[in-house]
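Student: prediction below, plus the sequence it came from.
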Amino acid sequence: MRIDERQRAKLNRVLGYGGVAIVVVWTITAIALYAATSALSGWLDAATFGNTAWTDWSVWTGQVIGDVGGVAIAILWLAVTLAILGFMTGLRRLIRG
């Protein structure tokens, strides 16, 4: 399929704006995921159950989620953002021919 210059420029522009939109949506999703893990961590830290072994496990799990959750989400955000940008770059190169 042959694409003339106007169509190629328009498709490039659409891919550019689409890439930005996908990264913005992914960033908002990652922020919501971080907020959810933070809330879960706080809830598990504060939870008390009748069984002391269950309470100890809950507090320990809440602390682990609190310590590791933010870092894991940051690494996941970076990896997915780079994958999105790489995919968009590949599409642009494919269009350029």
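Tutor: Perfect, I can see it now.
Student: I'd guessed Thr61 sits against Trp43; true?
Tutor: No - contact criterion CB atoms under 8 Å: Thr61 and Trp43 do not qualify, at 10.4 Å. The way it works is simple: take the backbone N, C-alpha and C, and place the C-beta from them, glycine included.
Student: low-confidence stretches in the chain?
Tutor: Within the chain, the stretches with pLDDT under 70 are 1, 97.
Student: now with 80, please.
Tutor: Within the chain, the stretches with pLDDT under 80 are 1-3, 47-54, 97.
Student: for it, which helix is longest?
Tutor: In the chain, assigned by DSSP state H, the helix with the most residues is helix 52-96.
Student: what packs against that helix?
Tutor: helix 5-46 (3 or more CB pairs under 8 Å, 6 or more residues apart in numbering; DSSP states H and E).
Student: list the helices and strands the helix it packs on packs on?
Tutor: Where contact means 3+ CB pairs under 8 Å, 6+ apart, helix 5-46 is packed against helix 52-96.
Student: that older thread, higher neighbour count, Thr61 and Trp43?
Tutor: Between Thr61 and Trp43, counted using other CB atoms under 10 Å, the more crowded position is Thr61 (15 against 12).
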